[in-house]
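Undergrad: coords please:
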Amino acid sequence: MRALVTGATGQVGSYIVERLAADGWSVCALVRDPARASWLEPLGAELHAGDVLNGESFRRAASGCDAIFHTAAAITPKGGWETFRRTNIDGTQIAIDAAATAGAKLVQISSVAVYGSGTRYREAPTDEDVPLPTLPEGAYYARSKRESEQMVLNAHHAGKLWACAVRPDVIYGRRDRQFVPRVAGLMRYGVMPLINGGSSRLAIVHAGNVADGAVRAIAAPMAGGNAYNLANDFDVTVADFVRLASEGLGKKLVTVSIPLSLARAGMAVVKGAVSLVRGREMASHANSTLSFMSRDNPFSSERARRELGWDPPYRPQASIPEAFRWYRDNKAD
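TA: Predicted coordinates for the structure are as follows:
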């Protein structure tokens with residue numbers, strides 16, 4: 001069996017490479033600069049020069065493949081909607097066309113961003129049957145992931161190819177360039193405020209567990225045409241995450257419990273500053289941070305457990321310290 005992985009130099013993509021190679025797959029990675037991506041070769045990847053926005057190079061890399069794992073995406077680029085649209089929507093269309101030409105199955109790494117930030121906290125867990133709300137115009141990432149995911153599922157239902165999507169929430173692990181660096185930055189002063197003592201459960205998932213779900217999806221016939229939440233592998237409170245992160249950093253940390261009302265006042269100031277400096281898209285992230293830090297993980301991943309046999313192999317007691325140790329040892333790179 002042969003697979004193509006896009007976004008292989010990213011966090012989830014590199015874990016998918018590792019997982020496929022361990023399972024005996026022949027793995028190729030579509031990369032813009034093979035010289036800078038050479039670290040993927042020891043993980044088991046054969047490098048193919050190309051770009052997800054170049055249809056010819058994509059089709060060439062996909063030729064002879066049984067499966068394509070499309071993880072490449074714009075997450076926090078500058079440039080507004082057009083930047084998100086080009087990478088996340090146009091790139092996904094090219095992935096669909098390349099998979100159809102090759103006769104390969106396609107798994108898209110989507111996101112719980114498709115649920116929006118305003119309605120995901122419900123009385124019942126947010127699962128795949130929840131109607132997707134209208135998204136704000138300025139929610140560029142969420143809109144682009146919603147549209148690209150729907151393109152993939154529509155292509156399956158139209159008979160163009162076999163395809164499915166998986167929806168992680170906030171991802172962490174080795175090679176994290178987003179979440180772990182931000183948390184480590186907050187911890188650099190040795191004092192960490194915890195809203196209501198940090199008792200809420202975080203909406204996080206380990207990248208290796210996302211890879212596990214994605215690889216299982218490609219082997220599950222019933223996954224075709226469906227999307228699966230991979231959004232709560234294990235329950236981890238904010239306080240536990242901070243404790244395990246400080247262990248990985250080798251840093252003593254003092255935690256201070258603060259009431260939610262004080263956190264709300266502080267976040268209003270932060271949101272205003274972020275909006276001025278980084279624009280509406282980043283300000284919307286700041287706006288959702290308070291819910292992320294103070295409310296329990298709203299998502300259910302029971303369908304993935306039931307239909308895909310998702311059994312997350314990476315446990316937080318070991319994987320959270322490992323992620324922060326990796327950041328500590330490689331942050332200068």
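
Undergrad: separation between the nearest residue to Ala73 once chain neighbours are set aside and Asp235?
TA: By the measure of CB to CB, 6 or more residues apart in numbering, the closest residue to Ala73 outside its immediate chain neighbours is Asn88, 5.4 Å from it. Using the backbone N, CA and C atoms, a C-beta is placed for each residue, glycine as well. Distance, Asn88 to Asp235, using CB to CB, to the nearest Å: 30 Å.

Undergrad: coming back round to it: just checking, the residue nearest to Ala73 touches Ser144?
TA: Yes - assessed by CB atoms under 8 Å, Asn88 is found in contact with Ser144 at 3.7 Å.

Undergrad: overlap in contacts, the two.
TA: Ala74 (CB atoms under 8 Å, 6 or more residues apart in numbering).

Undergrad: quick one, phi/psi of the residue nearest to Ala73?
TA: Main-chain dihedrals, Asn88, degrees, to the nearest 10: phi -80, psi -30.

Undergrad: count the residues that sit near it.
TA: Look at Asn88: counted by other CB atoms under 10 Å, it has 26 neighbours.

Undergrad: per-residue confidence at it?
TA: For Asn88, the pLDDT comes out at 97.

Undergrad: tell me the contacts of it?
TA: By CB under 8 Å, 6+ apart, the residues touching Asn88 are Ala73, Ala74, Tyr141, Ser144, Lys145, Glu147, Ser148.

Undergrad: residue contacts, the third one?
TA: Applying CB under 8 Å, 6+ apart, we find Tyr141 in contact with Ala74, Ile75, Thr76, Phe84, Asn88, Ser111, Ala113, Glu281.

Undergrad: in a helix, that's where it is, yeah?
TA: Yes - counting by DSSP: H, G, I helix; E, B strand; the rest coil, Tyr141 is part of a helix.

Undergrad: quick one: it from Gly197, how far?
TA: 31 Å.

Undergrad: next: the fourth one.
TA: According to CB to CB, Ser144 and Gly197 sit 36 Å apart.

Undergrad: neighbour-wise, which of these two wins?
TA: The neighbour count for Ser144 versus Gly197, taken as other CB under 10 Å, is higher for Ser144 (26 against 14).

Undergrad: confirm that one sits in a strand?
TA: No - counting by three-state DSSP, Ser144 is not found in a strand; it is helix.

Undergrad: so it sits against Ile75, correct?
TA: No - contact criterion CB under 8 Å: Ser144 and Ile75 do not qualify, at 10.0 Å.

Undergrad: for Pro168, give me phi and psi.
TA: Torsion angles, degrees, to the nearest 10, at Pro168: phi -80, psi 160.

Undergrad: so what sits opposite it in the bridge?
TA: Beta bridges link Pro168 to Leu230, judged by DSSP bridges.

Undergrad: cool, Lys105 as well?
TA: For Lys105, the beta-bridge partners are Ala67 (DSSP bridges).

Undergrad: run the chain-centre distance for the helix or strand containing Ala323.
TA: Using DSSP states H and E, Ala323 sits within helix 316-330. Between the mean C-alpha location of helix 316-330 and the chain-wide mean there is a distance of 17 Å, by CA atoms, centre = their mean, to the nearest Å.

Undergrad: quick one, helices of the stretch 201-333 of the chain?
TA: Along the stretch 201-333 of the chain, counting by DSSP state H, counting those that start in this stretch, helices occupy 207-218, 238-249, 260-278, 280-294, 302-303, 316-330.
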